[in-house]
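Student: after the sequence you'll find the predicted model.
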Amino acid sequence: MAVLPPNVSERNFRKALDAFADIVGKEWVFTTEDELKGYLDPFAPDDAEKHAASAAIAAMSVEEIQKILEVARHYKIPLWTVACGKNHGYGGAAPRMKGSVVLDLKRMNKVIEVNETLGYAVVEPGVSFFQLYDYIEQHGIKLWMSLPAPGWGSVMGNALDRGIGYTPYGENTLHVCGMEIVLADGEVIRTGMGAMNDTKTWHLYRYGFGPSWDQVFMQSNFGIVTKIGIWLMPEPEATATASITFPNESDLPQIIDIARPLRLGQTVNSTIVVANAIRRLASSGSREEYFTGDGAMPDDLVNKIMKEKGWNFWEATISFFDDEDVIDARLKAVEKAFKQIPGSTFEAKRWKRGEPIENSAKPRPNLIAYQVINWRGGRGGHIGFAPIVAPLGSEATRVYSLMKKRVAQYGFDYFGGFTFFQRHTIHTSLLIFDQDDPKMKKNAFDLFDTVVREAATMGFGEYRTHVAWMDLIASEYNFNDNAMLRLNERFKDMIDPEGILAPGKQGIWPRSLRKNHGGEKI
């Protein structure tokens with residue numbers, strides 16, 4: 001065996017693999033080098049083998065998962081659960097701990113229900129955004145989905161990792177309602193109203209009776225989620241997409257301060273994306289078309305390119321979904337608000353029901369977002385720096401200034417902006433590198449490590465991260481000597497005493513793999 005789970009002998013590991021094969025069929029247990037390549041991080045910023053799996057198992061049902069857990073508990077085999085395994089930029093399907101067995105749920109891909117009247121879907125882990133979209137289209141259901149940038153990932157996996165979309169339902173995690181979970185001991189629970197037999201409201205009311213558990217199983221290693229309900233948006237009467245541009249880099253704080261009351265007061269009730277010019281350039285070409293020198297593209301060159309293309313420095317994109325007359329009122333209010341910024345431009349593309357749907361703001365899954373990874377040439381890769389920032393111009397400027405300075409220091413271009421929700425923004429900055437350039441990869445790794453640490457000293461914390469930095473970021477949530485992490489560890493030890501479910505996920509390690517001094521984990 002090229003890789004073994006920690007503290008497991010090869011003899012016992014082979015016995016476990018034979019037992020897994022008896023459960024799922026030999027063809028669904030993957031152990032060869034070629035088979036396991038798909039479970040390495042495709043955009044690894046360092047050595048991908050640091051997070052190599054020892055094997056992978058593709059389960060088909062809750063009953064198979066229960067039997068797999070029984071074997072894993074017996075042989076102390078760590079399992080790293082993935083849905084579609086497409087969480088690129090965050091590790092893909094690669095486990096946090098080298099030698100873990102990947103429990104791949106891509107075969108559990110049933111769309112169990114889509115309820116048009118009540119506006120929800122019920123899906124298994126392996127259902128991708130493409131698959132759910134096609135199901136809705138084929139059945140003529142008048143519900144629209146909230147989609148992330150690339151559409152090949154899992155609907156469930158994205159929501160569990162607090163992924164985002166660009167509609168009024170854009171905080172996907174907030175629209176999960178009712179889960180089915182298999183615990184480490186094999187017990188199956190259902191959250192919220194699902195805790196009642198013969199419930200008719202499992203996917204309508206999250207809370208049930210007593211404590212609410214849905215959020216406990218998001219970004220955690222406390223159980224294996226096998227079903228979720230997720231709310232979908234009824235098809236609107238009309239849509240509009242507004243593009244608002246601003247000429248100067250220094251306009252950023254005013255953009256944020258104008259956007260804040262628009263979102264807070266629900267004049268704009270969907271996600272606002274504010275992006276810089278290089279983000280637009282990378283969406284349509286490669287860097288070498290504009291610059292072949294070392295280091296970051298000079299600001300004067302970027303300004304020259306922008307002038308030649310007739311672009312402004314920042315662009316805000318906002319989509320509206322509502323009745324036609326309400327959209328008109330929203331657009332007028334937004335245009336009036338942003339006219340305060342000298343040199344700004346405003347343009348809106350409208351659609352109403354009955355017109356060609358491709359002219360609407362209806363989200364459609366695609367892979368266009370991956371074009372940007374070609375920005376630095378070669379085999380492109382990226383990692384994302386994404387701290388939560390208060391929607392204040394002064395705070396946005398602080399984190400932007402940090403990132404702009406550090407990317408230039410390490411030889412990268414600032415590619416990013418702000419994704420605006422009702423009471424917070426996410427500063428999203430991609431570090432794009434050529435995987436065939438060892439120096440560039442190392443610089444990307446060192447840059448990310450530097451900005452994560454420095455941002456934490458300024459009060460900015462990441463909301464999700466690559467597997468390589470889970471320990472670091474968990475440690476930075478450090479109130480009262482990391483009291484929250486210690487609570488997570490106490491719960492982990494109680495609910496998963498053998499420590500078999502995703503050791504190290506979000507920095508949560510079982511007792512058997514934890515060091516009291518808080519140092520490096522296995």
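Tutor: Yes, it's here. Numbering: from 1, shown residues only.
Student: in terms of secondary structure, what does the longest helix seen in the chain contact?
Tutor: Looking across the chain with DSSP state H, the single longest helix is helix 438-457. Identification of packing neighbours for helix 438-457 by 3 or more CB pairs under 8 Å, 6 or more residues apart in numbering; DSSP states H and E yields strand 380-385, helix 393-409, strand 425-434, helix 470-476. (Each C-beta comes from the backbone N, C-alpha and C, glycine too.)
Student: where does pLDDT dip in the chain?
Tutor: 516-522 (pLDDT under 70).
Student: quick one: residues contacting Glu476.
Tutor: Glu476 sits next to 452-453, 456, 461 when contact means CB atoms under 8 Å, 6 or more residues apart in numbering.
Student: so which pair among those residues is furthest apart in space?
Tutor: Pairwise distances across the contacts of Glu476 peak at 11.4 Å for Arg453 and Gly461 (criterion: CB to CB).
Student: who's Ser243 bridged to?
Tutor: Beta bridges link Ser243 to Thr317, Glu347, judged by DSSP bridges.
Student: from Val273, how far out is it?
Tutor: Ser243 is 10 Å from Val273, where distance means CB to CB, to the nearest Å.
Student: what touches both of these two?
Tutor: With CB under 8 Å, 6+ apart, Ser243 and Val273 have common neighbours 316-317.
Student: quick one: which of the contacts of Glu476 is most hemmed in?
Tutor: Most neighbours among those, by other CB atoms under 10 Å: Val452, with 20 neighbours.
Student: so it is in contact with Gly461, correct?
Tutor: No: proximity of Val452 to Gly461 does not meet the contact threshold set by CB atoms under 8 Å, at 9.1 Å.
Student: list residues touching both of the two?
Tutor: Common neighbours of Val452 and Gly461, counting by CB under 8 Å, 6+ apart, are 473, 476.
Student: which one of the helices and strands packed on helix 438-457 is the most hemmed in?
Tutor: Greatest average neighbour count among these goes to strand 425-434 (a mean of 24), per mean count of other CB atoms under 10 Å.
Student: the chain: helices as residue ranges?
Tutor: Under DSSP H, the chain gives helices at 10-24, 33-36, 62-75, 129-138, 155-160, 252-264, 277-282, 299-309, 324-338, 393-409, 438-457, 470-476, 479-495.
Student: adding distance to Thr345, write the ones you listed out as JSON lines.
Tutor: Conversion of the helices of the chain to JSON lines gives the following (distance: least, CB to CB, whole Å):
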{"stretch": "helix 10-24", "distance to Thr345": "57"}
{"stretch": "helix 33-36", "distance to Thr345": "51"}
{"stretch": "helix 62-75", "distance to Thr345": "53"}
{"stretch": "helix 129-138", "distance to Thr345": "32"}
{"stretch": "helix 155-160", "distance to Thr345": "33"}
{"stretch": "helix 252-264", "distance to Thr345": "13"}
{"stretch": "helix 277-282", "distance to Thr345": "14"}
{"stretch": "helix 299-309", "distance to Thr345": "13"}
{"stretch": "helix 324-338", "distance to Thr345": "9"}
{"stretch": "helix 393-409", "distance to Thr345": "20"}
{"stretch": "helix 438-457", "distance to Thr345": "32"}
{"stretch": "helix 470-476", "distance to Thr345": "38"}
{"stretch": "helix 479-495", "distance to Thr345": "44"}
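Student: deepest of these, which one?
Tutor: helix 155-160 (a mean of 26).
Student: what is that one packed up against?
Tutor: Using 3+ CB pairs under 8 Å, 6+ apart, helix 155-160 sits against strand 120-123, helix 129-138, strand 224-231.
Student: for Asp434, which of the ones you listed is the nearest?
Tutor: Asp434 lies closest, by CB to CB, to one member of the helices and strands packed on helix 155-160: helix 129-138, at 28.2 Å.
Student: give me the angle between the closest one and strand 224-231.
Tutor: Taking axes from the mean of the first three to the mean of the last three CA atoms, to 10 degrees, one finds that helix 129-138 is oriented at 40 degrees with respect to strand 224-231.
Student: name the surrounding residues that touch helix 129-138.
Tutor: Residues outside helix 129-138 that contact it (CB under 8 Å, 6+ apart) are 109, 111, 114, 121, 123, 143, 145, 147-148, 151-153, 155, 158, 232, 364-365.
Student: and stretch 161-176, by the same measure?
Tutor: 87, 90, 144-148, 153, 158-160, 206, 214-215, 218-219, 228-233, 269-271, 273, 319, 321, 363, 419, 421, 426, 463-464.
Student: against Ala296, how distant is Phe43?
Tutor: As judged by CB to CB, Phe43 and Ala296 stand 21 Å apart.
Student: looking at those two now, which is surrounded by more residues?
Tutor: Phe43 (22 against 19).
Student: give the contact list for the residue nearest to that one when sequence neighbours are not counted.
Tutor: Spatial nearest neighbour of Phe43, chain neighbours left out: Gly381 (3.5 Å); criterion: CB to CB, 6 or more residues apart in numbering. Residues in contact with Gly381 (CB under 8 Å, 6+ apart) are 42-45, 373, 432-435, 441, 444.
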